[in-house]
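[1] this is a predicted model, with the sequence first.
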Amino acid sequence: MRYRTLLCLLVVTVMVTGCSGTKGAFPEKKNNGNRESVQVNPFTGEKAPKTGSGPPFMVMVNNHPKARPQTGLNRAGLVVEVLAEGEITRLAAFYYGNREGTVGPVRSTRPYYLDLAEGPKAVVVHAGGSPAALRRIRDENLPSLDGIHGDGAYFRREQSRRSPHNLYTDLTQLRKGANKKGFTNSSLTGPYRFEEKEPKTKGASATHIGLKYHRLYEAGYRFDRETGRYIRYTQGNRQTDLKTGKPLSMNNVLVIRAPHRVIDSSGRREVDLNQGGEGVLFRDGKAFTVRWENREGWIVPSIDGKTVPFHPGRTWIQVLPENGELSYRP
């Protein structure tokens, strides 16, 4: 009897000790003999290293026809597409925890793209910018790596393309530049929710999505049931990664409308990303009508005031002008 009592106590002690080793959001995992804690990537809802992630980066990626296909967009956890001048859009690609990989071509920034960087406190990676954007970076002391104004060591020109569509960077180089300039904040949280289950609100079947930003520029998506992801199309052509040749794909597409206004003779725009409005979230082959709001610098979808969850994985946010066109069908 006494032997059984001691044996039971020993088993309980071992069980308690074994269950007390978790730390943070997820248990620690072994990595080459070391234990490394992990956290949730706030852009994707997926596990990411908790230490050594470095700061988030927002890279301004060129979307001019001569800049396609781009490199590295499939590594971005979040991409936001907004019109720049004329009919051309620009892509704000967010990276967090990525340790390597080429990204580009890199292009200039605008004030409303800086608005997108506010929430995640991302280092803005760009090739110059409009006078208003550069002034804001300087006056507000925003974290920035500018490929043509002082930070060229972390960028390179590709000989296979012509300027200004040939400036590239590398995530390893960006981490070096961020460390040298003191941009080391890696503690990142966000307001997004992620669930594999679909939202409780009934969605309409939507496997073909069409977007018209301008009479000269259209984009779209096709839902791939095998992978559960959307395949990106630009001007009717499947958009791929230059380096891998693989199509750009994502788990969520959020389409919102925002006021646009041309403000100068160069065609520069002012885009209001703060007032909120109507939107449609596409995930799992379905469309969900939502409202969007700017929540402390993040564009967040909601229904009846409650945040609508993304499917874990990559998300593209399409910011349409108010007269832009959205269509979708089964």
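    Ah, there it is.

[2] could you check how many residues crowd around Lys66?
    11 (other CB atoms under 10 Å). No exception for glycine: its C-beta is placed from N, CA and C like everyone else's.

[3] may I ask you to confirm that it is in contact with Ser160?
    No. In this structure, Lys66 is not within contact of Ser160 by CB atoms under 8 Å, at 11.6 Å.

[4] where do the domain boundaries of the protein fall?
    Listed domain ranges for the chain are 57-180, 204-329 (source: automatic domain parsing).

[5] give the contact list for the closest residue to Ser160 other than its chain neighbours.
    Nearest residue to Ser160, sequence neighbours excluded (CB to CB, 6 or more residues apart in numbering): Asn166, at 7.4 Å. Listed by CB atoms under 8 Å, 6 or more residues apart in numbering, the contact set of Asn166 reads Pro105, Arg157, Glu158, Gln159, Ser160.

[6] give me the pLDDT for Asn166.
    For Asn166, the model assigns a pLDDT of 96.

[7] ok now the helix or strand where Arg232 lies, how far from the chain's centre?
    Per DSSP states H and E, Arg232 falls inside strand 229-234. On the basis of CA atoms, centre = their mean, to the nearest Å, strand 229-234 sits 15 Å off its chain's mean C-alpha point.

[8] just give the number of residues close to Gln70.
    If you count neighbours by other CB under 10 Å, Gln70 ends up with 25.

[9] what does the longest strand anywhere in the chain rub up against?
    The single longest strand within the chain, with elements called by DSSP state E, is strand 286-295. By CB under 8 Å, 6+ apart, the surrounding residues in contact with strand 286-295 are 115, 119, 191, 198-199, 201, 203-206, 254, 256, 273-282, 299-303, 308, 328.

[10] quick one, whatever helix or strand comes next after that strand and strand 286-295 angle?
    Using DSSP H and E, the next helix or strand after strand 286-295 towards the C-terminus is strand 298-303. If you take axes from the mean of the first three to the mean of the last three CA atoms, to 10 degrees, strand 298-303 sits at 130 degrees to strand 286-295.

[11] in strand 298-303, what's buried?
    Going by neighbour count (16 or more other CB atoms under 10 Å), the buried part of strand 298-303 is Trp298, Ile299, Val300, Pro301, Ser302.

[12] I figured the first one hits Gly119, correct?
    Yes. Judged on CB under 8 Å, Trp298 makes contact with Gly119 at a distance of 3.9 Å.

[13] joint contacts of those two?
    Common contacts of Trp298 and Gly119 (CB under 8 Å, 6+ apart): Gly190.

[14] which residues are contacting stretch 208-228?
    Residues from elsewhere that reach stretch 208-228 (CB under 8 Å, 6+ apart): 81, 83, 86-89, 206-207, 229-236, 249, 251, 253, 255, 282, 284-285, 311, 318, 320-321, 324-330.

[15] for stretch 114-121, that is, sorry about that
    Contact with stretch 114-121 is made by 42-43, 55-56, 58, 80, 92, 94, 96, 123-124, 133, 136-137, 142-143, 185, 188, 190, 273-274, 294-299, as judged by CB under 8 Å, 6+ apart.

[16] drop anything exposed from these.
    42-43, 55-56, 58, 80, 92, 94, 96, 123-124, 133, 136-137, 142-143, 188, 190, 273, 294, 297-299.

[17] so, low pLDDT: which residues of the stretch 151-300 of the chain?
    186 (pLDDT under 70).

[18] what are the buried residues along stretch 268-288?
    Those would be 268-269, 271-273, 276, 279-288, for stretch 268-288 by 16+ other CB under 10 Å.

[19] which member of those residues is positioned nearest Leu174?
    Leu273 (24.1 Å; CB to CB).

[20] where does the closest residue in space to that closest one that isn't next to it in sequence sit: helix, strand or coil?
    Distances taken as CB to CB, 6+ apart put Asp115 closest to Leu273, at 5.0 Å, once the chain neighbours are dropped. On the three-state scheme (DSSP: H, G, I helix; E, B strand; the rest coil), Asp115 is labelled helix.
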